[in-house]
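Chemist: coords below, sequence missing:
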């Protein structure tokens, strides 16, 4: 089963995304901030096939993108945001 890591600080958004992904047969791991996501991805045993990252979280996810570049075997990242403009 493919696992998708979802990092977003909006509980309602995360609940909807997780429900849809699980209904489609994916395993989902949820992260409330970029720091815990990064720690999970740095674990050589992580099982992420894809990362969905909210770029507008208050904990500085734009800087996280630079740090993610150094992660070995980094899965594809999909940037998501509920903001109309940034």
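Modeler: Received the coordinates, thanks. Remember, it's a predicted structure, so these values are computed and weren't measured experimentally.
Chemist: Pick out the least confidently modelled helix or strand of this structure, by mean pLDDT.
Modeler: The element with the least model confidence among the helices and strands of the chain, by mean pLDDT, DSSP states H and E, is helix 61-68, at a mean of 79.
Chemist: Which strands and helices lie in contact with it?
Modeler: For helix 61-68, the helices and strands in contact under the criterion 3 or more CB pairs under 8 Å, 6 or more residues apart in numbering; DSSP states H and E are helix 34-42, strand 48-54. Every C-beta, even on glycine, is put in place using the N, C-alpha and C of the backbone.
Chemist: hey, which helix is longest across this protein?
Modeler: helix 11-23 (DSSP state H).
Chemist: so for that helix, what's the average pLDDT?
Modeler: Throughout helix 11-23, pLDDT has a mean value of 94.
Chemist: buried stuff in that helix?
Modeler: Taking 16 or more other CB atoms under 10 Å as the neighbour-count basis, helix 11-23 is seen to contain the buried residues 14, 17, 18, 21.
Chemist: you'd agree the last one is up against residue 15?
Modeler: No - counting by CB atoms under 8 Å, residue 21 does not reach residue 15; the two are 11.1 Å apart.
Chemist: Report the residue spans of the protein with pLDDT below the cut-off.
Modeler: By pLDDT under 70, the weakly predicted segments of the chain are 59-62, 83-86.
Chemist: Dig out what residue 5 forms beta bridges with.
Modeler: Each beta-bridge partner of residue 5 is listed here: residue 29, residue 51, as defined by DSSP bridges.
Chemist: Just give me the neighbour total for it.
Modeler: Other residues within reach of residue 5 by the criterion other CB atoms under 10 Å amount to 23.
Chemist: Equivalent analysis for residue 63, please.
Modeler: In terms of burial, residue 63 registers 10 neighbours under the definition other CB under 10 Å.
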